[in-house]
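Colleague: no sequence for this one, just the structure:
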């Protein structure tokens, strides 16, 4: 079973990813910090994603190919128009 974990390098995602790997699941970590995640989880597949940029369905088609389950534990999602505000 192939499981894609968004935010796999985060606080909650790290624990979920470690448990999945311990139980011999094929884990695909979808993170911004690829290098750090590869060091932390050397047996996992690691791919880059950034939810501030990858907002369209088209940006996810290839990532979700052959994925059985998605576990989304990434941080707060923002949209570019919400990044700037005035007081």
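Modeller: Arrived safely. Since we're looking at a predicted model, the values are computed, not measured.

Colleague: where does this protein dip in pLDDT?
Modeller: Residues of the chain meeting the criterion pLDDT under 70: 76-87.

Colleague: give the buried residues for the longest helix belonging to the chain.
Modeller: In terms of residue count, the longest helix belonging to the chain (DSSP state H) is helix 11-22. Neighbour-count burial for helix 11-22 flags 13, 14, 16, 17, 20, 21 (criterion: 16 or more other CB atoms under 10 Å). Heads up, the C-betas are built off the backbone N, CA and C, glycines and all.

Colleague: remind me what that helix packs against, helices and strands.
Modeller: strand 2-6, strand 26-31 (3 or more CB pairs under 8 Å, 6 or more residues apart in numbering; DSSP states H and E).

Colleague: which one of those strands is the most hemmed in?
Modeller: Across the helices and strands packed on helix 11-22, the average number of neighbours (mean count of other CB atoms under 10 Å) peaks for strand 26-31, which reaches a mean of 24.

Colleague: roughly how far apart are the closest residue to residue 3 other than its chain neighbours and residue 39?
Modeller: Leaving aside its chain neighbours, residue 3 sits nearest to residue 69 (4.6 Å; criterion: CB to CB, 6 or more residues apart in numbering). In this view, residue 69 and residue 39 are 24 Å apart by CB to CB, to the nearest Å.

Colleague: and if you look at residue 47?
Modeller: 15 Å.

Colleague: and residue 57, by the same measure?
Modeller: Distance of residue 57 to residue 39, given as CB to CB: 31 Å.

Colleague: same drill for those two, tell me which one is more crowded.
Modeller: Taking neighbours as other CB atoms under 10 Å, residue 57 and residue 39 compare with residue 39 leading, 11 against 7.

Colleague: chain center to the host helix or strand of that one, what's the gap?
Modeller: Assessed by DSSP states H and E, residue 39 sits inside helix 34-40. Between the centre of helix 34-40 and the centre of its chain there are 12 Å (CA atoms, centre = their mean, to the nearest Å).
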